[in-house]
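1. take this sequence and fold it.
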Amino acid sequence: MRNLQIPAQRQRQILDYIEKNSGANIKELAQYLDVSEATVRRDLDNLAETGEIERTHGGAVIGQDRVPEYTYDVKMQLRQEEKIKIAKRAAEMVQAGDKIYLGSGTTVYFVAKEIADIENLTIITSNLYIAQFLPVHPSSSLIVTGGERRYDYNLMAGTLTENFLRDIRVDISILGCDAIDVEFGLSDSNVNEALVKKLAANAARKTEIVTDHSKFGKTALQKVFDLSEADCIISDTIEEEEMVEAIRRQTELILV
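-> Next up, the predicted model:
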């Protein structure tokens, strides 16, 4: 790892490392960044002051209520095993001939890969990774919503995207999210993307949320909709039984 002399860059690397590894200690961060342990301590203290992380004995974990908005490339590397399991379960609900909207999340991208061989699908997406890399079945079609590209997030949003979604009807919308809270509902770090997700849900006969366990018990900037407005949520293991029960009082929860 290259020695990062600019504190802001170094602290960004620390946040990425902690998120990917569910925590870190001072020694491993010092080795990873090729800096002194004293430098790492100062960086961790600064990040803790802003609420980005929580200090632990000898290290740190990500802040309990923090919802980081990472670039798409970074998100794609996080929790791939869990995302693939979730995607396989979501793909079981898709049938030949369905009209599907696929949202912008990285878990949704893995769903797209799982359904790529299903025949006669009409796939509509604002996810440019899907638009560029998904090899759909020859009998299927893929439609991109249009709109304004969000730099480094590989998605379309804005007025053109919103108007497109207002004028379509699909069988299933498959959406990711930044945060899920029992009371606040589904939420997103970006206001424009939150509206896109809400419109996509309104356009669908059935709305499925695909997300890993790290998003639960958190809130992001903009509410998308109440959990009761989702037909089901597909996730991996959630340890808090009270949360599981509270979610299941509002919608179907499928754990893989």
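2. show me where the stretch 51-200 of the chain has strands.
-> 53-56, 59-62, 99-102, 122-125, 141-144, 148-150, 155-157, 170-175, 179-181, 185-188 (DSSP state E, counting those that start in this stretch).
3. in JSON lines: these, plus mean neighbour count.
-> All C-beta spots, glycine's among them, are computed from the backbone N, C-alpha and C. Output for the strands of the stretch 51-200 of the chain, formatted as JSON lines (neighbours: other Cβ atoms under 10 Å):
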{"stretch": "strand 53-56", "mean neighbour count": "18"}
{"stretch": "strand 59-62", "mean neighbour count": "20"}
{"stretch": "strand 99-102", "mean neighbour count": "26"}
{"stretch": "strand 122-125", "mean neighbour count": "23"}
{"stretch": "strand 141-144", "mean neighbour count": "16"}
{"stretch": "strand 148-150", "mean neighbour count": "15"}
{"stretch": "strand 155-157", "mean neighbour count": "24"}
{"stretch": "strand 170-175", "mean neighbour count": "24"}
{"stretch": "strand 179-181", "mean neighbour count": "24"}
{"stretch": "strand 185-188", "mean neighbour count": "24"}
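4. how about stretch 232-246: buried residues?
-> C232, I233, I234, S235, D236, I238, M243, V244 (16 or more other Cβ atoms under 10 Å).
5. correction: the previous question concerned stretch 11-22.
-> Under the neighbour-count criterion of 16+ other Cβ under 10 Å, stretch 11-22 has Q11, Q13, I14, L15, D16, Y17, I18, E19 buried.
6. buried set for stretch 23-38?
-> A24, I26, L29, A30, L33, V35.
7. export that stretch to CSV, keeping only CA atoms.
-> This file holds the C-alpha atoms of stretch 23-38, laid out as CSV (Å, rounded to 0.1, in the frame of the first residue of the first chain):
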residue,chain,number,x,y,z
GLY,A,23,-13.5,-3.4,11.7
ALA,A,24,-9.8,-3.2,12.0
ASN,A,25,-7.0,-2.8,14.6
ILE,A,26,-4.3,-0.1,14.7
LYS,A,27,-1.5,-2.5,13.8
GLU,A,28,-3.1,-3.9,10.6
LEU,A,29,-4.1,-0.4,9.5
ALA,A,30,-0.6,0.9,10.0
GLN,A,31,0.8,-2.0,7.8
TYR,A,32,-1.9,-1.5,5.2
LEU,A,33,-1.3,2.2,4.8
ASP,A,34,2.5,2.0,5.4
VAL,A,35,2.3,4.7,8.2
SER,A,36,3.1,4.8,11.9
GLU,A,37,0.6,3.5,14.5
ALA,A,38,0.6,7.0,16.0
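8. and stretch 160-173, how far from the chain's centre?
-> 20 Å (Cα atoms, centre = their mean, to the nearest Å).
9. tell me the mean pLDDT for it?
-> For stretch 160-173, mean pLDDT is 98.
10. and stretch 100-117, by the same measure?
-> The model assigns stretch 100-117 a mean pLDDT of 95.
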